[in-house]
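> I'd like to go over a predicted model; first the sequence, then the structure.
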2 protein chains.
Amino acid sequence: MKKEQTFSIGEFSAKTGISIRTLHYYDDLGLLKAERDPSSGHRLYTHEDLRKLQKIVSLKFLGYRLDQIADLIQTTHFDLGLKESLQMQQKALEAKKEQIETSIKAVKRAISLLEEERELDSHVLMSVIRNIQTEKEQRLWLEQYTSKEFVGQLYDKSEEEMIELDKNYIRLMREVKKLVGKPVDDPEVEKLIDDFLKVSSDFVGEQDLSDLESLPKDQAETLQKLIPSPLTDEEEAWLNKAMDHYMMAKGMLKPSQSDHQL
Amino acid sequence: MKKEQTFSIGEFSAKTGISIRTLHYYDDLGLLKAERDPSSGHRLYTHEDLRKLQKIVSLKFLGYRLDQIADLIQTTHFDLGLKESLQMQQKALEAKKEQIETSIKAVKRAISLLEEERELDSHVLMSVIRNIQTEKEQRLWLEQYTSKEFVGQLYDKSEEEMIELDKNYIRLMREVKKLVGKPVDDPEVEKLIDDFLKVSSDFVGEQDLSDLESLPKDQAETLQKLIPSPLTDEEEAWLNKAMDHYMMAKGMLKPSQSDHQL
DNA sequence: ATATCTCCTTACGTAACTAGAGGTGCAAGG
DNA sequence: CCTTGCACCTCTAGTTACGTAAGGAGATAT
């Protein structure tokens, strides 16, 4: 005759910090079935249940879903089989972590941009964010066609450089949106294109562009999908026209696919 | 007459990587309403919609919920008002990140324990995990009653020390589970308690225990809730008895609340 | 006798989709 | 002409891990 101390669901909930509703739920699922007081129908929890619940909570903490936990708590001894499973959990968790870290990076950059500019076009901000979001894909994609070093030089910049680039980018986009529609030979427009080219060359730094220029045209389209533009169709068309005109005027040939993407 | 190129939902989905279902869903929500071909009823997406979708995806990336996004995409210009909102996002994201990091830590430790031991009692492993999970609370709680330095010395150990401690812990628990029921004056039991005390003193290191011993008894209970034991009631009771006997025999007084918790 | 307390069950709400069933319109192949 | 297939449509239900609320029973306190 063990005196088997039991607890009501309320006591058990208070003891463990797990809500009554959750205990009901686990009971319904069969994950943690409590005995019943035959007269009242009230659930009775034992010390044994307490340990079982601790197991459940721990496994949940490791990232397992309840149905997986239902399987796992059957076994009283863990062996190397669990190791594999744990390694999968680890990978899943690390993926989540990385994705959150990228988001944090984007949020931070958005904040510092807002601090500098105090008001900006939503499309512009969005395109900056989307750029961060897709950076990894962009790199992987570019590495396919160029080299790892090239990509590294392109992307691995310091915090300040990044912000500087963002600011320039924003300024340029603002200008474009302001000047759109003006004749392509307007001096203001010419200055804009000048600026554009300067910022672009700052961006790529002192590296060799031949890698980039050897990209076939159809793949440049794929790249465009990865790097979103904050411009409307008209703005984009106008900018292309202005670019072409500038190139022609300066005798820099090739009035075809001018690429103004950063 | 703008030629307004439009896309079917399939094309749009392929272009953006967002599933057709999701596009339907966004349409139903009113988040991204597509025009309809009057004859077929098919959805028609424009370039405008593309940019809107990019905004949606970007905001989702920043951690906003769809209903919040529905509000946010109304405004075409962002200002300092958004900054606060972004800072909240940042905090939320960082909280998530921390929690994931703790989980990763737990998973890693579980893995390395499994590698060392190759098979172990599930309760023991769970209690190790739960210990990691509640470490923060334990620290906060202890800091209330002792000092920050004391707590720091207790918890801030190197990776190897941690694993070493875990291994000792596991060994002790295994021993307890093996010897449970033996008479308290059995030499094996005595050796176990010896071991227990040695490991405990290794754990607290060369620091002053007076801080810990001044904890009132009722609060020691609270601590027990935070630090789960992998032992069954019998095992626990037996261990307490053995402890008391050991203390008495060695003339170390106080046969009351022996505390074998790590 | 009534109010309060703890417990019970049933069932709907949440977030952001995914999956499936069942149906329409249109083009090409037999 | 009929069928097949494709791309699209709508509508319903399922997913995860609960939270919240409604309505009721039995025990205790005033």
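Arrived safely.
> for DNA strand C, what are the nearby residues on the stretch 1-150 of chain A?
Within reach of DNA strand C by Cβ under 7 Å from any atom of the strand, the stretch 1-150 of chain A has these residues: A:8, A:9, A:10, A:11, A:13, A:20, A:21, A:24, A:41, A:42, A:43. All C-beta atoms are positioned from the backbone trio N, CA, C, and that covers glycine.
> From the residues you listed, pick the one nearest DNA strand C.
Closest approach to DNA strand C among those (Cβ to the nearest atom of the strand): residue A:10, at 2.1 Å.
> What is the neighbour count of the closest one?
Residue A:10: 12 surrounding residues under other Cβ atoms under 10 Å in any protein chain shown.
> where exactly do the helices run in chain A?
Using DSSP state H, the helices of chain A run over residues A:9-16, A:20-29, A:47-61, A:66-72, A:80-117, A:122-133, A:135-145, A:148-155, A:159-179, A:187-204, A:210-213, A:217-226, A:233-249.
> returning to that earlier point: most neighbours of all the residues of the stretch 1-150 of chain A next to DNA strand C, which one?
Highest neighbour count within those: residue A:43, with 22 neighbours (other Cβ under 10 Å).
> any idea how far residue B:162 is from it?
With distances taken as Cβ to Cβ, to the nearest Å, residue A:43 is found 38 Å from residue B:162.
> ditto for residue A:99
Taking Cβ to Cβ, one finds residue A:99 at 28 Å from residue B:162.
> do residue A:169 as well
On the measure of Cβ to Cβ, residue A:169 and residue B:162 end up 46 Å apart.
> One more: residue A:51?
Taken as Cβ to Cβ, the span from residue A:51 to residue B:162 is 23 Å.
> Show me which of these two is the more surrounded one.
A direct count of neighbours by other Cβ under 10 Å for residue A:51 and residue B:162 places residue A:51 higher, at 20 against 16.
> The more buried one - nearest residue in space that isn't next to it in sequence?
Excluding the flanking residues, the one nearest residue A:51 by Cβ to Cβ, 6 or more residues apart in numbering or on different chains is residue B:123, at 6.0 Å.
> The one you found against residue A:55, yeah?
Yes. Counting by Cβ atoms under 8 Å, residue A:55 is a contact partner of residue B:123 at 7.1 Å.
> Can you tell me which residues in the stretch 1-150 of chain A are near DNA strand D?
Counting by Cβ under 7 Å from any atom of the strand, the stretch 1-150 of chain A sits next to DNA strand D at A:19, A:21, A:22, A:25, A:39, A:40, A:60, A:65, A:66, A:67.
> Just the buried subset of those, please.
The neighbour-count test (16 or more other Cβ atoms under 10 Å in any protein chain shown) marks residue A:22 as buried among these.
> Export the residues of the stretch 1-150 of chain A next to DNA strand D as CSV, with columns for distance to residue B:249 and pLDDT.
As requested, those are exported to CSV (distance: Cβ to Cβ, whole Å; pLDDT from 0 to 100):
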residue, distance to residue B:249, pLDDT
A:19, 46, 94
A:21, 50, 95
A:22, 46, 96
A:25, 49, 96
A:39, 48, 91
A:40, 48, 92
A:60, 43, 94
A:65, 50, 93
A:66, 48, 94
A:67, 51, 92
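> from what I can see residue A:177 touches residue A:121, true?
Yes. Between residue A:177 and residue A:121 there is a contact under Cβ under 8 Å: 6.9 Å.
> Worst mean pLDDT across the helices and strands of chain A, which element?
helix A:217-226 (a mean of 63; mean pLDDT, DSSP states H and E).
> quick revisit: could you check the helices of chain A and tell me which one is nearest residue B:139?
helix A:47-61 (17.0 Å; Cβ to Cβ).
> and the closest one, how far from the chain's centre?
Centroid separation for helix A:47-61 versus its chain: 34 Å, with Cα atoms, centre = their mean, to the nearest Å.
> and if you look at stretch A:85-97?
With Cα atoms, centre = their mean, you get 17 Å for stretch A:85-97.
> Ok, stretch A:52-71 next?
Averaging C-alpha coordinates over stretch A:52-71 and over its chain gives two centres that are 28 Å apart (Cα atoms, centre = their mean).
> What of stretch A:231-245?
Relative to the mean C-alpha coordinate of its chain, stretch A:231-245 is positioned 30 Å out (Cα atoms, centre = their mean).
> Mind checking if it is in reach of chain B?
Yes. Judged by Cβ under 8 Å from any Cβ of the partner chain, stretch A:231-245 and chain B are in contact via A:232, A:233.
> Could you give me the buried positions within that stretch?
So, applying 16+ other Cβ under 10 Å, buried residues of stretch A:231-245: A:231, A:232, A:233, A:235, A:236, A:238, A:239, A:240, A:242, A:243, A:244, A:245.
> and which of those is nearest chain B?
Nearest to chain B among those is residue A:233, at 5.4 Å by Cβ to the nearest Cβ.
> Residue B:47 is in contact with that closest one, correct?
Yes. Contact between residue A:233 and residue B:47 holds when scored by Cβ under 8 Å: they sit 5.4 Å apart.
> gap between the two ends of stretch A:141-154?
Distance between the two ends of stretch A:141-154: 13 Å, counting by Cα to Cα, to the nearest Å.
> Tell me how far it lies from the chain's centre.
Remark: stretch A:141-154 is offset 20 Å from the chain centroid, using Cα atoms, centre = their mean.
> That one - what's its average pLDDT?
Stretch A:141-154 shows a mean pLDDT of 84.
> Are that stretch and chain B in contact anywhere?
No. Contact between stretch A:141-154 and chain B is absent, the nearest approach being 13.5 Å (criterion: Cβ under 8 Å from any Cβ).
> shaky segments in the stretch 101-250 of chain A?
Under the criterion pLDDT under 70, the flagged ranges of the stretch 101-250 of chain A are A:205-226.
> That one against chain B: which residues are in contact?
Residues of the stretch 101-250 of chain A lying near chain B (Cβ under 8 Å from any Cβ): A:101, A:103-104, A:106-108, A:110-111, A:114-115, A:118-123, A:125-127, A:129-130, A:133, A:225, A:228, A:230, A:232-233.
> Check those for burial and list the buried ones.
The buried subset of these - by 16+ other Cβ under 10 Å - is A:103-104, A:106-108, A:110-111, A:114, A:120-123, A:125-127, A:129-130, A:133, A:228, A:230, A:232-233.
> For residue A:101, list the residues it contacts.
When contacts are counted by Cβ atoms under 8 Å, 6 or more residues apart in numbering or on different chains, residue A:101 touches residue B:97.
> if I look at it, how far off is residue B:98?
Relative to residue B:98, and taking Cβ to Cβ, residue A:101 is found at 12 Å.
> For the nearest residue to residue A:87 once chain neighbours are set aside, give its distance to residue B:47.
Closest residue in space to residue A:87, ignoring its immediate chain neighbours: residue B:111 at 6.5 Å, by Cβ to Cβ, 6+ apart. Residue B:111 is 49 Å from residue B:47, where distance means Cβ to Cβ.
> same check, this time on residue A:58
51 Å.
> Between these two, which has more neighbouring residues?
Between residue A:58 and residue B:47, counted using other Cβ under 10 Å, residue A:58 has the larger neighbour count: 25 against 14.
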